[in-house]
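In: This is the structure alone, sequence omitted:
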């Protein structure tokens, strides 16, 4: 083993069956491989393992005792079931073998900050995560989606985790579903119907009380945005921005966090909410800010860019946003609508500035123009309001 790094894992491959007939021989092989690598992490490759008995499980326990960071990978569904039933998945790292899915030629039906959703066949879609090490993100999204369903929010639950190239994906069953963005693009005459259903779902979300500690507080995230942007503004303006966010009271009602028409799907007459990894709790102003960005804020300079994301034009996005806001507020009073929109824009521009600067926006002409616009608008709006509440 000369020249081998102590940090490089010892990879042990298990084959076919491990039971009382061969357990002693398997354990002897494992110990021989570990003898000269006392400090190295251990990875047990179970991709070729078909069955493991209690005798084999005891071997894993003994290895785990001396190598606490031991990990088991490539576990088949059958072997995983044994490990899960016996509690091994609770006491050591166990990774399933993942089915491989190709998205070549598949229709892209949704895109968010954490991943892209593709239709892989008539019945199923896969969300491919941007992060190549996304298993924890997938676990989180499945948990919060399950929580939302229990609390009465209609959503799709992932039933499988797969590999898509070098990335992980979650598979959802969405039978012949169409996003509201697709409906608006193909059938503009359904605008008012889409607004009605969209707002009805939004009220359902905002009317849902979330048990304490189950979801992150969106106010904490908004304070991070504001703290970053404070440094880019006049000191008095930056300080006021922080205060405006700090003064928003805690709220234990649910918000989606990325609520736009690509995240609503119509399936057999039922409206489903998808892309649940952004679920949080908080005041509705945080939700309205993300909605403004999705329909207008991102595209105020490059109007055509909205087609790449929402699949409809800028005028459709603007019209939908204003109709949805009026319906949500249950008013046609222009001053009232404008006030709430302005307050949403304060948070929306705050998020956009931080996002733009962190993604190299100052390195391009368009990026600099967008950030300059957002900073100018934000500065003016902060001077107009002393509260973000409505």
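Out: Cool, got the structure. Here the structure is a predicted model, which is why all the values come from computation and not from measurement. Numbers count the residues shown, from 1 in each chain.
In: Work out for me the element residue 172 sits within.
Out: With secondary structure defined by DSSP states H and E, residue 172 is part of strand 167-173.
In: For that strand, could you pull out the residues that count as buried?
Out: For strand 167-173, the neighbour count (16 or more other C-beta atoms under 10 Å) marks 167-172 as buried. For every residue, glycine as well, the C-beta is placed using N, CA and C.
In: Run a quick neighbour tally on the closest residue to residue 302 other than its chain neighbours.
Out: Spatial nearest neighbour of residue 302, excluding adjacent residues (C-beta to C-beta, 6 or more residues apart in numbering): residue 366 at 6.7 Å. Taking other C-beta atoms under 10 Å as the criterion, the count of residues near residue 366 is 11.
In: From residue 25, how far out is residue 366?
Out: 66 Å (C-beta to C-beta, to the nearest Å).
In: can you check residue 176 too?
Out: 54 Å.
In: quick one: contacts of the longest helix belonging to the chain?
Out: Of all the segments of type helix in the chain, defined by DSSP state H, the longest one is helix 334-358. Contacts made with helix 334-358 from outside it, assessed by C-beta atoms under 8 Å, 6 or more residues apart in numbering, are listed as 222, 225-226, 228-229, 232, 241, 244-245, 285-286, 288-293, 297-298, 322, 325-326, 329, 331, 362, 367, 370-371, 374-375, 377-378, 381-382, 384-385, 387-390.
In: before we move on, the earlier item: show me what the strand holding residue 172 is packed against.
Out: Helices and strands touching strand 167-173, as assessed by 3 or more C-beta pairs under 8 Å, 6 or more residues apart in numbering; DSSP states H and E, comprise strand 124-129, helix 135-150, strand 160-164.
In: which stretches of the stretch 101-250 of the chain have low pLDDT?
Out: Applying pLDDT under 70 to the stretch 101-250 of the chain picks out no residues at all.
In: Now with 80, please.
Out: Residues of the stretch 101-250 of the chain meeting the criterion pLDDT under 80: 109-113.
In: mind listing the helices for it?
Out: 135-150, 180-186, 191-206, 218-230, 235-246 (DSSP state H, counting those that start in this stretch).
In: Name the stretch among the ones you listed that sits most buried.
Out: Comparing the helices of the stretch 101-250 of the chain by mean neighbour count (mean count of other C-beta atoms under 10 Å), helix 180-186 ranks first with a mean of 20.
In: Against which helices or strands is that one packed?
Out: Under the contact criterion of 3+ C-beta pairs under 8 Å, 6+ apart, helix 180-186 touches helix 191-206, strand 264-267, helix 305-310, helix 314-329.
In: List just the one of the ones you listed that sits closest to residue 158.
Out: With C-beta to C-beta as the measure, strand 264-267 is the member of these nearest residue 158 (14.3 Å).
In: Tell me which helix or strand comes right after that closest one.
Out: Elements were assigned by DSSP H and E; along the chain past strand 264-267, the next helix or strand is strand 270-273.
In: circling back: in PyMOL, how would I select the buried members of the contacts of helix 334-358?
Out: Selection of the buried residues among the contacts of helix 334-358 in PyMOL, burial being defined by 16+ other C-beta under 10 Å:
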select buried, resi 222+225+226+228+229+232+241+244+245+285+286+288+289+290+291+292+293+297+298+322+325+326+329+367+370+371+374+375+377+378+381+382+388
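In: Now residue 84: which helix or strand?
Out: According to DSSP H and E, residue 84 maps onto helix 77-85.
In: What are the buried residues along that helix?
Out: 79-80, 82-83.
In: can you list contacts of that helix?
Out: With contacts defined as C-beta under 8 Å, 6+ apart, helix 77-85 is touched by 46, 49-52, 57, 72, 75, 89, 94, 96-97.
In: Determine how far stretch 291-304 lies from the middle of the whole chain.
Out: With C-alpha atoms, centre = their mean, to the nearest Å as the basis, the distance from the averaged C-alpha position of stretch 291-304 to the chain average is 21 Å.
In: what does stretch 26-35 give?
Out: 42 Å.
In: could we number from 52 for the rest of this?
Out: Sure, I'll start numbering at 52, so the last one becomes stretch 77-86.
In: Quick check: the gap between the residue nearest to residue 353 and residue 352.
Out: Computed with C-beta to C-beta, the distance linking residue 417 and residue 352 is 7 Å.
In: still on that earlier bit, could you measure from the residue nearest to residue 353 over to residue 330?
Out: For residue 417, the distance to residue 330 under the criterion C-beta to C-beta works out to 32 Å.
In: One more: residue 135?
Out: Using C-beta to C-beta, residue 135 is found at 26 Å from residue 330.
In: Any idea what the closest residue to residue 185 other than its chain neighbours is bridged to?
Out: With C-beta to C-beta, 6+ apart as the measure, residue 219 is the residue that lies nearest to residue 185, at 4.7 Å, once sequence neighbours are left out. Listed by DSSP bridges, the beta-bridge partners for residue 219 are residue 214.
In: Quick check: closest non-adjacent residue to residue 299.
Out: Nearest non-adjacent residue to residue 299 (C-beta to C-beta, 6+ apart): residue 334, at 5.1 Å.
In: Give the phi and psi angles for that neighbour, as a check.
Out: Dihedral pair for residue 334: phi -70, psi 140, per degrees, to the nearest 10.
In: Please tell me the pLDDT value assigned to it.
Out: Note on residue 334: pLDDT of 98.
In: what's near enough to touch residue 348?
Out: Residue 348 touches 396, 399-400, 403, 425, counting by C-beta under 8 Å, 6+ apart.
In: Can you read off the pLDDT for residue 57?
Out: At residue 57, the predicted lDDT confidence score is 55.
In: Distance check, residue 273 against residue 289.
Out: 14 Å.
In: Domains in this protein, by residue range?
Out: In terms of domains, the chain is parsed into 61-148, 158-224, 239-433 (source: automatic domain parsing).
In: Tell me, how many residues neighbour residue 408?
Out: Residue crowding around residue 408 was assessed by other C-beta under 10 Å; the count is 17.
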